[in-house]
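1. Structure, please.
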Amino acid sequence: MSNFADMTETISLPLYGASTSEVRTILNATSAQYLLLNISGREVSITDDAVNRLISCADATHAGLVYSDYIKTTGPDSIIPAPLIDIQSGSLRDDFDFGALVLITRAGIDAYLAIPDLYESESGGFYQLRLAIQESLPIIRVPQPLYTITETDLRTSGQKQFDYVNPRNRNVQIEMERVLTQYLKRKGALITSGYGKKIDLLNEEFPVEASVIIPVRNRARTIADAVKSALEQQLEQEFNVIVVDNHSTDGTTQILSDLAETDSRLIHIIPERTDLGIGGCWNQAINDSRCGRFAVQLDSDDLYSSPQTLKKIIQKFHEGGYAMVIGSYRMCNFDLETLPPGIIDHREWTDENGPNNALRINGLGAPRAFYTPVIRSLQFPNVSYGEDYAVAIRIAGEYTIGRIFDELYLCRRWEGNSDAALSPEKVNANNLYKDSLRTAELERRIKCLKK
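-> Residues are numbered from 1 along each chain as shown. Model (predicted):
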């Protein structure tokens, strides 16, 4: 470790939330070959070989930034491994987890300082720094815990996942959006206003105007409520409800059979295949000959806010020739009592910059509705996480999307939700998958915009 002592400067500063000027001041002031940054600002206990390992990795890979796994503690008897994930070109989330310690090389510092006219962000300084490095140099993860930190955020994954849409964080989110917009422009991946295609929605004939799509497996406690919420919709045109029952074993199938006997608008499908995820169930529904002009999402846990939800969505489609319409929802418990952060309306979306900002955030909202020919042409990936995000960012990169910022949907959080309390390994797997979707879409946009 002493071999690197004269070449390494160590700074502890909470750079998550730091300004452009603060980051630039730090980097301009150092003449060291390596800058070890404690970006958490909290006390970190490093292993004896931590600096050597980080620098050796940086030298071997010609990296601009190196980070590592770590250990977190929540008390004297609680030691929890905290493995991170590898970064990729589509890792554009401003909340990508680098842990508490990062090593910036001289090449990384110079790459950042060489970019002219950086947007003067009040809170996105570190985000700018790592995107600047990511643009031209490798960012490498050391898959070994090299330090320990005390964990202070003990919320479950289900509670943390909506931080980015909390209205209290709105100003910060605007800052992060501007940082990403500037980065995408440099990369040749920025979609400009007016780029998205509009659609002649009356170009084809359909058996009904709309189909509410409900994939379900083992939701005996909630499925009847969801189906009734859909069937109670008040729409002048004909509609149906397509439930894809993915081989339920808890009584869900019988509940649906009974409901289908009382209302012919309910189409109960049990797939022949047994390997379908949620995306595969969606494909089963949209490819069915009975699917309507518009395919509208309703999860088996949830409810529409009023009998007017479907009408508002269909009206929005026809107003703008949209390929996709997305509404707003309210977080609530099983008894429909509001939970923080309340209404999630994704007002970060704008017609001008929404398609670009979609690459920064982990979700676009609900309920989601699709013009059926477009979603049939794309098809959902056969997975049970991120299937909606995969098609949404693809549509955003080619078509126009309509937004409804009024509450249309009730998202019920209860102990049966699949994402209520995920393990760190599952959170990592989910984030890695969505980053891979962003990587593919980023490269597609760069290629298309060059033409």
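2. In the stretch 301-450 of the chain, where is pLDDT below threshold?
-> Applying pLDDT under 70 to the stretch 301-450 of the chain flags residues 416-421.
3. one more time with 50
-> For the stretch 301-450 of the chain, no stretch has pLDDT under 50.
4. same deal with the stretch 101-250 of the chain?
-> Filtered on pLDDT under 50, the stretch 101-250 of the chain yields the residue ranges 157.
5. what residues are up against Leu231?
-> Counting by CB atoms under 8 Å, 6 or more residues apart in numbering, Leu231 makes contact with Val241, Asp263, Arg265, Leu266. The C-beta positions use only the backbone N, C-alpha and C, and glycine is treated the same way.
6. Name the member of those with the most neighbours.
-> Greatest neighbour count in the contacts of Leu231, by other CB atoms under 10 Å, goes to Val241: 25 neighbours.
7. Against which helices or strands is the one helix or strand that residue maps to packed?
-> Here Val241, judged by DSSP states H and E, is contained in strand 239-245. Strand 239-245 is packed against strand 210-216, helix 223-231, helix 252-262, strand 266-269, helix 278-286, with contacts defined by 3 or more CB pairs under 8 Å, 6 or more residues apart in numbering; DSSP states H and E.
8. contacts for stretch 182-198?
-> In contact with stretch 182-198 (CB under 8 Å, 6+ apart) are residues 92, 115, 118-119, 128, 131-132, 135, 181, 320-323, 351-352, 355-356, 359, 396-401, 442, 445-446, 449-450.
9. buried set for the lengthiest helix in the chain?
-> Counting residues, the longest helix in the chain under DSSP state H turns out to be helix 424-450. Within helix 424-450, the residues that count as buried by 16 or more other CB atoms under 10 Å are 427-428, 430-431, 433-435, 437-439, 441-442, 445, 449.
10. elements contacting that helix?
-> Applying 3+ CB pairs under 8 Å, 6+ apart, one finds that helix 424-450 contacts helix 387-396.
11. Kindly calculate the angle that the helix it packs on makes with strand 210-216.
-> Between helix 387-396 and strand 210-216, the angle comes out at 140 degrees (axes from the mean of the first three to the mean of the last three CA atoms, to 10 degrees).
12. quick one: contacts of helix 387-396?
-> Taking CB under 8 Å, 6+ apart as the rule, helix 387-396 contacts 191, 196, 277-279, 282, 297, 323-324, 326, 354-355, 358-359, 362-364, 368, 370, 374-375, 378, 380-381, 383, 401, 434, 437-438, 441, 444.
13. I'd like the C-alpha coordinates of it written as CSV, please.
-> What follows is helix 387-396, C-alpha atoms only, in CSV (Å, rounded to 0.1, in the frame of the first residue of the first chain):
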residue,chain,number,x,y,z
GLU,A,387,-41.5,-6.5,-19.3
ASP,A,388,-43.5,-3.3,-19.4
TYR,A,389,-40.4,-1.1,-19.2
ALA,A,390,-38.9,-3.0,-22.1
VAL,A,391,-41.7,-2.2,-24.5
ALA,A,392,-42.3,1.3,-23.1
ILE,A,393,-38.8,2.7,-23.8
ARG,A,394,-38.8,1.0,-27.2
ILE,A,395,-42.1,2.8,-28.1
ALA,A,396,-40.8,6.0,-26.6
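14. just to revisit the earlier point, will you turn the contacts of Leu231 into JSON lines that also has distance to Asp200?
-> Listed next are these as JSON lines, based on distance: CB to CB, whole Å:
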{"residue": "Val241", "distance to Asp200": "26"}
{"residue": "Asp263", "distance to Asp200": "32"}
{"residue": "Arg265", "distance to Asp200": "27"}
{"residue": "Leu266", "distance to Asp200": "30"}
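15. tell me the two of these that are most distant?
-> Val241 and Asp263 (8.2 Å; CB to CB).
16. At the geometric centre of this protein, which residue do we find?
-> Asn362 (1.2 Å; CA atoms, centre = their mean).
17. In space, what's closest to it - neighbours in sequence excluded?
-> Counting by CB to CB, 6 or more residues apart in numbering, Lys434 is the residue found nearest to Asn362 once chain neighbours are left out, at 6.0 Å.
18. OK, contacts around the one you found?
-> Contact analysis of Lys434 by CB under 8 Å, 6+ apart lists Asn362, Gly386, Tyr389.
19. And for Ser121?
-> Applying CB under 8 Å, 6+ apart, the residues near Ser121 are Ser19, Thr20, Tyr127, Gln128, Glu175, Arg178, Val179.
20. and the third one, what is it in contact with?
-> Residues in contact with Tyr127, defined by CB under 8 Å, 6+ apart, are Asp94, Ser121, Met176, Val179, Leu180.
21. possible to save the residues you listed as a markdown table with distance to Glu209?
-> Below are those laid out as a markdown table (distance: CB to CB, whole Å):
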| residue | distance to Glu209 |
| --- | --- |
| Asp94 | 39 |
| Ser121 | 45 |
| Met176 | 39 |
| Val179 | 42 |
| Leu180 | 37 |
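22. In strands, which of those residues fall?
-> Cross-referencing the contacts of Tyr127 against strands under DSSP state E gives no overlap.
23. Could you give me the buried positions within stretch 116-123?
-> For stretch 116-123, a neighbour-count test (16+ other CB under 10 Å) marks Leu118, Ser121, Ser123 as buried.
24. would you turn those into TSV with distance to Ile139?
-> Below are the buried residues of stretch 116-123 laid out as TSV (distance: CB to CB, whole Å):
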residue	distance to Ile139
Leu118	18
Ser121	20
Ser123	21
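25. From these, which land in helices?
-> Per DSSP H, the subset of the buried residues of stretch 116-123 in helices is empty.
26. ok, of those, which one's closest to Leu84?
-> Closest approach between the buried residues of stretch 116-123 and Leu84, by CB to CB: Ser123, at 22.3 Å.
27. can you tell me which residues contact the closest one?
-> For Ser123, the contacting residues are Gly17, Ala18, Ser19, Asn171, Val172, Glu175, Met176, by CB under 8 Å, 6+ apart.
28. Which residue ranges of the stretch 1-150 of the chain form strands?
-> Per DSSP state E, counting those that start in this stretch, the stretch 1-150 of the chain carries strands over the ranges 8-12, 34-38, 44-46, 65-75, 78-82, 101-105, 139-150.
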